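> Have a look at this fold, sequence not included:
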């Protein structure tokens, strides 16, 4: 098994420009069922490189092509409308790659789509997710990993790739890797993914990569201690050297000056270790810790 | 992006949040004296000379002073201009007619990351550090979380009234405080703010309430629908490092730090991790720089050039994980970028990992660049770069 995406995933891509086409082609080449693209003015045409239909709306892609998952790649100013459209069309899993979406837009989207709608929204500002051998939805490079038993969840794309790659070199594959994104408001939190991994019979160990800012890692850590204390879990928090008050690339990666506390890497590490979770000092060490736990 | 007080008051004013009569924005002692002279002549009993810096604690640091005469205003001007407040040197001062204060309260609206909603905080105890009040007398602080659905058409007046009533504001001011809160929420929403804070919110002798201070943070991601926030960008307010300003103009994610190892990599998380590994190897990073996904030759040359212009940089660690962009493309980008930059004294340690990394490292070695060293792991690369930095 795996979580969130698998063989039954049928993707409609919202945003079929050069980036959307590039990544959708890669997803398709990996074996992901990309069934349609949407474009308000190109409905009724064929999305040439992929050989799948273009519809004017997501609803048509659901009704006519059986789409159950959406990949949102439209520019930030249109992202709120795109996600709401997918939600209203009955899409159950919405993967939003776009970065730079305003906080107020995402707050409204979260309330409608996740809190009240109960739909799985991943991102924004994320690399997407991959269940190796089954489906790859987003921009994760698929050829650096393989099917296996480790569930991986991260706020950072490249750090995730680094860990997947090091695990693969040690012969360790993954069940699903979920990039949840680096924004302050994201649809799926660490805890959501870890709970899904805990319920997945094929995920036997969990690696998670957090960052400075917010407190989602601690929430996940407390849940792990209380519910799955015997599952091997390894973490890393990026940003031990990040100064207070400076945003480090990701919109959500900032330790607020005079903020609520618990936002720095050192504080998060200490809290997580208090929950009995091994926290590495860098991504390679995290991969090594996981390799040790599994050998 | 953070606004200073006078900008926050402008933003409040145009959204119907009552503020004191407009003051003057000054950059010199003469301007401050002229503003004070005119405001005192215009009927103000006193003027307040206020440092405009993007940090808290101005009052304690001596950056806010009351003057009842022009001479006093001049003294304050001389002491406040150039004052260093937590690393922010005061270049801009706001001179405002003093307000008559009966009582001071606290009121704010902010985005709440934990609940993914909006948080309104109100307290009868204002003019002091609200965190401190929260610690010592939590009952005096009212916090109300609001979901988007609850405020779909703005903050309802009855919700606002309930909040200021719960905070025990006096009966005489409840109506005007509730109206002000509705307007404050409107400003927060319309201007894409993540924080709109009034401390203190003051009660005047006529029982009206106004915002005596204003602290506003705007969401950088929403700049596209506010003309890039161009109206708020004025000289002397940003204590930005010149390289940070240049990077911002070029759309490069760059943060100046205080070490000597220049760092660039692809992906915010990977770059943060690189800073960590440099420190674990006994060095300090000179900067954070994310070149982004593609790591093309253009992006590499632009980014590398920026890092090398920092005089504190003694060596550079380029940390790239080849994902969709393959190792050989990255290596070619590095070669082209260094060729384009010409001579530079610092050593460059390039760590390439991921897809086709070995091929990339071979390309780097074959190019035989005099000051480029290839490394296979992050640890090795960091150790080497720290060594070169001396």
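Great, that's in hand. Note that the structure is a prediction, hence the values are computed from the model and not measured.

> Quick check: the residue sitting furthest away from the middle of chain A vs residue A:37, distance?
Distance from the centre of chain A peaks at residue A:44, with 31.2 Å (Cα atoms, centre = their mean). Applying Cβ to Cβ, to the nearest Å, the value for residue A:44 to residue A:37 is 12 Å. Where C-beta positions appear, they are placed from N, C-alpha and C, glycine not excepted.

> Ok, residue B:344 next?
Distance, residue B:344 to residue A:37, using Cβ to Cβ: 46 Å.

> what pairs with residue A:278 across the strands?
Here residue A:278 sits in beta bridges with residue A:234, going by DSSP bridges.

> okay, residue 271: pLDDT?
Using chain A. If you check residue A:271, the pLDDT there is 94.

> My question was about chain B, not that one.
pLDDT, residue B:271: 95.

> Next, it: phi, psi?
Phi and psi for residue B:271, reported as degrees, to the nearest 10, are phi -70, psi -40.

> show me what contacts the residue lying closest to it once chain neighbours are set aside?
Leaving aside its chain neighbours, residue B:271 sits nearest to residue B:265 (4.3 Å; criterion: Cβ to Cβ, 6 or more residues apart in numbering or on different chains). Contacts for residue B:265 (Cβ atoms under 8 Å, 6 or more residues apart in numbering or on different chains) come out as A:158, B:271, B:274, B:289, B:290, B:291, B:318, B:319, B:320, B:321.

> Neighbours of the first one, how many?
Neighbour count of residue A:158, defined by other Cβ atoms under 10 Å in any protein chain shown: 28.

> again with the fifth one
When neighbours are counted by other Cβ under 10 Å, residue B:290 registers 24.

> same deal with the second one?
Using other Cβ under 10 Å, residue B:271 has 30 other residues around it.

> was I right about it contacting residue B:290?
Yes. Residue B:271 is in contact with residue B:290 according to Cβ atoms under 8 Å; the separation is 5.0 Å.

> Need the overlap of contacts for the two.
A:249, B:264, B:265.

> Could you measure from the nearest residue to the first one once chain neighbours are set aside over to residue B:254?
Beyond its immediate neighbours in the sequence, the residue positioned closest to residue A:249 (Cβ to Cβ, 6+ apart) is residue B:268, lying 2.8 Å away. As judged by Cβ to Cβ, residue B:268 and residue B:254 stand 12 Å apart.

> Which one of those two is surrounded by more residues?
residue B:268 (29 against 23).

> Look up phi and psi at the more buried one.
According to degrees, to the nearest 10, residue B:268 has phi -60, psi -40.

> Could you verify my assumption that it touches residue B:253?
Yes. Between residue B:268 and residue B:253 there is a contact under Cβ under 8 Å: 6.8 Å.

> Tell me the residues that contact both of those two, please.
In contact with both residue B:268 and residue B:253: A:249, B:290, using Cβ under 8 Å, 6+ apart.

> Most neighbours among the contacts of residue B:265, which one?
residue B:318 (32 neighbours).

> Output the contacting helices and strands for the strand or helix carrying it.
In the assignment (DSSP states H and E), residue B:318 maps to strand B:315-322. Helices and strands touching strand B:315-322, as assessed by 3 or more Cβ pairs under 8 Å, 6 or more residues apart in numbering or on different chains; DSSP states H and E, comprise helix A:157-169, strand B:261-265, helix B:268-280, helix B:297-309, helix B:327-341, strand B:347-354, helix B:378-389.

> Recalculate using a threshold of 7 Å.
When contacts are defined as 3 or more Cβ pairs under 7 Å, 6 or more residues apart in numbering or on different chains; DSSP states H and E, strand B:315-322 packs onto helix A:157-169, strand B:261-265, helix B:268-280, helix B:327-341, strand B:347-354, helix B:378-389.

> Can I get the ones you listed in a markdown table including distance to residue B:206?
Compiled in a markdown table, the helices and strands packed on strand B:315-322 are given as follows (distance: least, Cβ to Cβ, whole Å):
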| stretch | distance to residue B:206 |
| --- | --- |
| helix A:157-169 | 57 |
| strand B:261-265 | 58 |
| helix B:268-280 | 52 |
| helix B:327-341 | 66 |
| strand B:347-354 | 67 |
| helix B:378-389 | 64 |
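
> number of nearby residues for the residue in the stretch 51-200 of chain A that chain B sits nearest to?
Relative to chain B, the nearest point of the stretch 51-200 of chain A is residue A:156 (2.2 Å; Cβ to the nearest Cβ). Residue A:156: 32 surrounding residues under other Cβ under 10 Å.

> same deal with residue B:246?
The number of residues packed near residue B:246 is 15, by other Cβ under 10 Å.

> Would it be right to say that it lies in a helix?
Yes. Checked against DSSP: H, G, I helix; E, B strand; the rest coil, residue B:246 lies within a helix.

> Distance of it relative to chain A?
According to Cβ to the nearest Cβ, to the nearest Å, residue B:246 and chain A sit 17 Å apart.

> since we're on the closest residue to that residue other than its chain neighbours, how many residues are nearby?
Excluding the flanking residues, the one nearest residue B:246 by Cβ to Cβ, 6+ apart is residue B:306, at 6.6 Å. A count of nearby residues for residue B:306, using other Cβ under 10 Å, gives 20.

> I'd assumed residue B:243 was in contact with residue B:306.
Yes. Residue B:306 is in contact with residue B:243 according to Cβ atoms under 7 Å; the separation is 6.2 Å.

> Between these two, which contacts overlap?
Residues touching both residue B:306 and residue B:243 by Cβ atoms under 7 Å, 6 or more residues apart in numbering or on different chains: residue B:254.

> State the distance from whichever residue of the stretch 1-150 of chain B sits closest to chain A to residue A:55.
As assessed by Cβ to the nearest Cβ, chain A sits closest to residue B:148 within the stretch 1-150 of chain B, at 3.8 Å. From residue B:148 across to residue A:55, the span is 29 Å (Cβ to Cβ).

> The closest residue to chain A within the stretch 201-350 of chain B - nearest residue in space that isn't next to it in sequence?
Residue of the stretch 201-350 of chain B nearest chain A, by Cβ to the nearest Cβ: residue B:269 (2.2 Å). Distance criterion Cβ to Cβ, 6+ apart; nearest residue to residue B:269, sequence neighbours excluded, is residue A:156 at 2.2 Å.

> Same question for residue B:217.
Spatial nearest neighbour of residue B:217, chain neighbours left out: residue B:195 (4.2 Å); criterion: Cβ to Cβ, 6+ apart.

> Now do the helix or strand where that neighbour lies: which elements does it pack against?
Residue B:195 is part of strand B:193-203, with elements assigned from DSSP H and E. Secondary-structure packing of strand B:193-203 (3+ Cβ pairs under 7 Å, 6+ apart): strand B:103-112, helix B:171-190, strand B:209-211, strand B:215-218.

> Contacts only, for the residue positioned nearest the centre of chain A.
Centroid-nearest residue in chain A, with Cα atoms, centre = their mean: residue A:179, separated by 2.6 Å. If you count contacts by Cβ under 7 Å, 6+ apart, residue A:179 has them with A:126, A:127, A:128, A:129, A:138, A:140, A:154, A:157, A:160.

> how close does it sit to residue A:139?
Counting by Cβ to Cβ, the gap from residue A:179 to residue A:139 is 9 Å.
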